[in-house]
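[1] sharing a model prediction with you, sequence too.
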Amino acid sequence: MRKDNDDPKDVSRPSGSPKRELGRRDFVKLVGGTSVAITTAGVLTGAGSIAEAEDNPPRGKVVGPAAVPISLKINGQIHKLTVEPRVTLIDALRNHLDMTGAKKVCDRATCGACTVQINGKAVYSCTVLAIDAAGMNADIRTIEGLAPEGQYHPISAAFVANDAQQCGFCTSGFVMAAKSYLDANPHPTIEEAQQWLGGGNICRCGTYRGLRRAVVVAWGGSVPAEGTD
Amino acid sequence: MAEYKWPPSEKRALIGKRIPRLDGPAKSSGRAKYTFDMNRPGMLHAKLAFSPHAHAKVTAIDTSVAEKMPGVKAVQIIFPVGTEVFWAGQELVAVAAQTEEQARDAARAVRIQYDVLPHFVSDVPPERAGINVMKTGEVKEGDPDKAFAEADAVHEGYYGNTQVAHCCLEPHGQVTEWQGDKLTVWATTQNVSGIGGEFAKSLTAKGVPVDAANVEIICQMMGGGFGSKFAADPWGVACAQLAKTTGRPVKLMLERDQELMEAGSRPSLYARVKIAAKKDGTLTAWQSDAWGTSGPQAQSPLNLPYLFNFPNRSANFTAVLTNTGPIRAWRAPNAPQQCYMTMCPFDDLAAKLQMDPVDMYRKNLPILGPRAKDYEVEITKASELMDWKSKWHPRGHTRTGPIKRGVGVSLHTWGGGGRSSTCQVKINPDGSVEVSLASQDLGTGNRTVIGIVAADTLGLPLDMVHVNIGDSRFPPSGSSGGSTTVGSVSSSTRITATDALNQLFAKAAPVLGVSAEKLEAMDSRIQVIGDASKGLDWKQACAKLGGTSILATNQMSRDIISAGVGGVQMAEVNVDIETGVIRVDKLVAVQDCGLIINMTTAESQVYGALIFGVNYSLYEEKIMDQQTGRHLNPNMEFYKLAGMHDIGELVVHMMTGPGYDERGPIGLGEPPTVSPGAALSNAVANAIGVRVPELPMTPDRVLAALGKA
């Protein structure tokens, strides 16, 4: 069960952005909180941070509801696309860029299957608007950027070695969450890893035992022998 | 000649070892393509309009506004005017548009009018359910009245399991694409071989004639099913209709709320139970009045008790008809509820007799059915792994302070067996091997099991074998339900690979100057039995095929598999009696399932089942609103599932060796899901001294049981 009060992923405030960006939840509040409003109102792009990438709408300008051109920096490459302002980052990745590693499951920042990194920090991409990610000049990393084709990141390899996936639909999110966690905490114990990852990602098949071992194996830590926990 | 029967342990190069799953690298690198990930050129997105009412008659459907909305390409009415809707969330209209957002807008713009009818979404006891009940089963054996009168101890209690959902992380849905008369469906399905015919039949009935021969079902990767993904489903047929109308591929995946509202749930089960025993713990009589809901249809009677053959028994079941939504098979259909309704009263009776329940199980082995001997061994093993003797205490508080500790035990059985399965094995002149069958891997490790069986049979390393599954163009293999998959596919693969190998032996025998009967396949060689120096390496042998591949096709046989498994589980918990919060400290599962093909994925199934059990025992519950008849928590914030830190220490022990291996493979997906509810509930009762009668044991239910709420 996820603890709401210690969610490690502050989706509204990726690191490196000095001021609070406009998130989807704020936007819904801003326009009155109804779905009708979303379809008819424009979006005020977040003010106060640097809008550098070309094509991105200038800060403070009302855009939409029609699609607008934006550019997103993903895995070190600039991708140009045209999306409605209400399109979330997960939908932009999956529907517009065919980057389907991140999965859409709960679509409201609970399960973590859509986890990507923005400026090095784990973020639920279902709860970030693509236009916001563009506006904040985010450096987005998805699971596709973890290792070149044909190669595997050590975290992915540890997942395989510890059977940390069954159906695999939560796996991409766990890999990216583990990446962010290990970046900040390079040598966790099993207990530490499960406490952190238990807060933000959900698996339905029940691979948590393999998962918590994999996170430790990924940095070269030792885990109890097979057949025991 | 190679034989169909399974090799003895010293000849198993791969079978029974720990082998990483074949699709692990694709999944853990995000490269695995699921149905939800299919983006076809020119593809449209479809969304559903559904009933907000739990019970209503559709009086008008106006799609004119939706049709004119931006990006909309087609609208498909699924259920027409006049349809009686039996649950909130029933799909009525599908809309296809250029983008997902446009499709969602247009689905909302479909105007549907209803005559709203009275709804009933409560699974209260039959006497309070008015006309919404149907008595569907009643059994009586022996003389229960006399047995109760003569018993040394009688316990009476109430027990309940609420409805829970499947909550597959990949929702139900499909991508459909027509090329002329041919329909391709990328489906997330447990039934690759079966749903093509269903699509053909339904589409033809709806005026889109298509032969089953022209429908291809593809499911390479699948994000969970748990029993809920066997059918083409009305939205699947509508998706294919929209693709036909627009001439473009269409993707329709259920949104999370739809997935939870109507893509399946487990029936609830409640019972008032009376159970009796002699002073020494020997069970003598059972009586139960049970009820539960399967939604609008009366379910088949859920027989009680589970597992025990009571000499005297009286049991009845009443179906409560509700508008809570449709049920679907849920991992070990009905068995977790039946097990809970039996093993909890059993445990309460043991407490009344002041007996250790482990001793009382031993006392009753004679009425525990065909797996009784396995239970005896497994109870001993589980007790050792749990350190039961030192942890068990007579029911109730044994320590000061608000945190109370306790242990509980339960046991279970399941069938398994196999469904029809045809396999094709091709050995190419370059030595490469293809194994093809239209089975599916739900995340169970089925793909890897097939590869291991083929490679072990042919004496090859696993990476020499290409496993082709998940496509209905391959030979048909049964759906994945009832823990039948491993039995089916290991049997058909073993038999067919053996046939292919015997054909290769026939080619190699003259070269080696011996008869084919004298050959064996080991270590990537075809060699003479007893004289390993005399042989050909695999590639040399295959080169003797000339230009033609070996192609063998054969079917599964029940002669080399079995049905019927046993398992014992123990739980250790701590309960905070001030907050009502339960934490799992440790779970032990001891399980047999015949010959294990891959120890790694077998253990993962059991670990997963234990966690599944933690979910339904402590967290998940489909909550209905009595006023509106709607599902109140069709989302993952409030439909609660365990996180990684909620599961405690997990210990799994698989029974292997003589007595197990010679039975052949038996499916494992379901059996270990059966016991956790009873084991956890019994552990809580042991800790706090009272029974929390209903699952999930949420803090409010714990406090209520303690008389604090």
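    Great, that's in hand.
[2] quick one: stretch A:64-83 to chain centroid distance?
    17 Å (CA atoms, centre = their mean, to the nearest Å).
[3] in it, what's buried?
    Using 16 or more other CB atoms under 10 Å in any protein chain shown as the test for burial, stretch A:64-83 gives A:64, A:65, A:68, A:70, A:71, A:72, A:73, A:74, A:75, A:79, A:81, A:83. Where you see a C-beta, it was placed from the backbone N, CA and C, and this is true even at glycine.
[4] which residues does the last one form a beta bridge with?
    Beta bridges link residue A:83 to residue A:68 when assigned by DSSP bridges.
[5] my read: it touches residue A:70, true?
    Yes: counting by CB atoms under 8 Å, residue A:83 does reach residue A:70; the two are 6.4 Å apart.
[6] sorry, back to before: of the buried residues of stretch A:64-83, which belong to strands?
    A:68, A:70, A:71, A:72, A:73, A:74, A:79, A:81, A:83 (DSSP state E).
[7] which one of the residues you listed is nearest to chain B?
    Comparing those against chain B with CB to the nearest CB places residue A:83 closest, at 8.7 Å.
[8] need the contact list for the closest one.
    By CB atoms under 8 Å, 6 or more residues apart in numbering or on different chains, the residues touching residue A:83 are A:67, A:68, A:70, A:91, A:92, A:96, A:130, A:131.
[9] contacts for the top helix by length along chain A, please.
    The longest helix of chain A (DSSP state H) is helix A:171-184. Around helix A:171-184, the neighbours that count as contacts under CB under 8 Å, 6+ apart are A:9, A:101-103, A:111-117, A:120-122, A:141-143, A:146, A:153, A:155-156, A:159, A:164-165, A:188, A:193, A:196-197, A:200-201, A:203, A:211, A:214-215, A:218-219, B:27-30.
[10] are any of those buried, and which?
    A:9, A:101-103, A:111-117, A:121-122, A:141-143, A:146, A:153, A:155-156, A:159, A:164-165, A:188, A:193, A:196-197, A:200-201, A:203, A:211, A:214-215, A:218-219, B:27-30.
[11] tell me which of those residues fall in strands.
    Using DSSP E, those in strands are A:115, A:116, A:117, A:121, A:122, A:141.
[12] just put those residues in a markdown table and tack on pLDDT and distance to chain B.
    Output for those, formatted as a markdown table (pLDDT from 0 to 100; distance: CB to the nearest CB, whole Å):
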| residue | pLDDT | distance to chain B |
| --- | --- | --- |
| A:115 | 98 | 11 |
| A:116 | 98 | 10 |
| A:117 | 98 | 13 |
| A:121 | 95 | 19 |
| A:122 | 96 | 15 |
| A:141 | 98 | 12 |
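[13] can you pull the domain assignment for chain A?
    Annotated domains of chain A cover A:4-145, A:154-218 [automatic domain parsing].
[14] mind putting these into CSV with distance to residue B:400?
    Converted to CSV, these look like this (distance: least, CB to CB, whole Å):
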stretch, distance to residue B:400
domain A:4-145, 29
domain A:154-218, 26
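[15] return the most buried member of those.
    domain A:154-218 (a mean of 24; mean count of other CB atoms under 10 Å in any protein chain shown).
[16] distance across it, terminal residue to terminal residue?
    End-to-end distance of domain A:154-218 (CA to CA, to the nearest Å): 6 Å.
[17] what's the mean pLDDT across that domain?
    Taken as a whole, domain A:154-218 has a mean pLDDT of 96.
[18] pLDDT wise, what is residue 82 at?
    With no chain named, the answer covers chain A. Reported pLDDT for residue A:82: 96.
[19] switch to chain B, that's the one I care about
    At residue B:82, pLDDT is 98.
[20] residue contacts, the nearest residue to residue B:584 once chain neighbours are set aside?
    Excluding the flanking residues, the one nearest residue B:584 by CB to CB, 6 or more residues apart in numbering or on different chains is residue B:648, at 3.7 Å. By CB under 8 Å, 6+ apart, the residues touching residue B:648 are B:572, B:583, B:584, B:585, B:586, B:587.
[21] same check on residue B:104?
    Counted by CB under 8 Å, 6+ apart, residue B:104 has contacts residue B:47.
[22] now do 10 Å
    A:35, A:39, A:86, B:45, B:46, B:47, B:48, B:95, B:97, B:255 (CB atoms under 10 Å, 6 or more residues apart in numbering or on different chains).
[23] drop anything exposed from those residues.
    A:39, A:86, B:45, B:46, B:47, B:48, B:95, B:97, B:255.
[24] of those residues, closest to residue B:18?
    Nearest to residue B:18, judged by CB to CB, of the buried ones among the contacts of residue B:104 is residue B:255 at 38.8 Å.
[25] surely the closest one is in contact with residue B:49?
    No: Residue B:255 lies out of contact with residue B:49 (CB atoms under 10 Å); the separation is 11.7 Å.
[26] domains in chain B, by residue range?
    According to automatic domain parsing, the ranges for chain B are B:9-18+B:418-559, B:35-117+B:172-253, B:339-416+B:562-705.
[27] just give me how far the second one sits from the chain centre.
    Think domain B:35-117+B:172-253. 25 Å.
[28] for the first one, same thing?
    Using CA atoms, centre = their mean, the distance from the centre of domain B:9-18+B:418-559 to the centre of the chain it belongs to is 27 Å.
[29] all the helices of chain A, residue numbers only.
    According to DSSP H, the helices that chain A contains are A:24-30, A:35-40, A:89-91, A:130-135, A:154-161, A:171-184, A:190-197, A:208-218.
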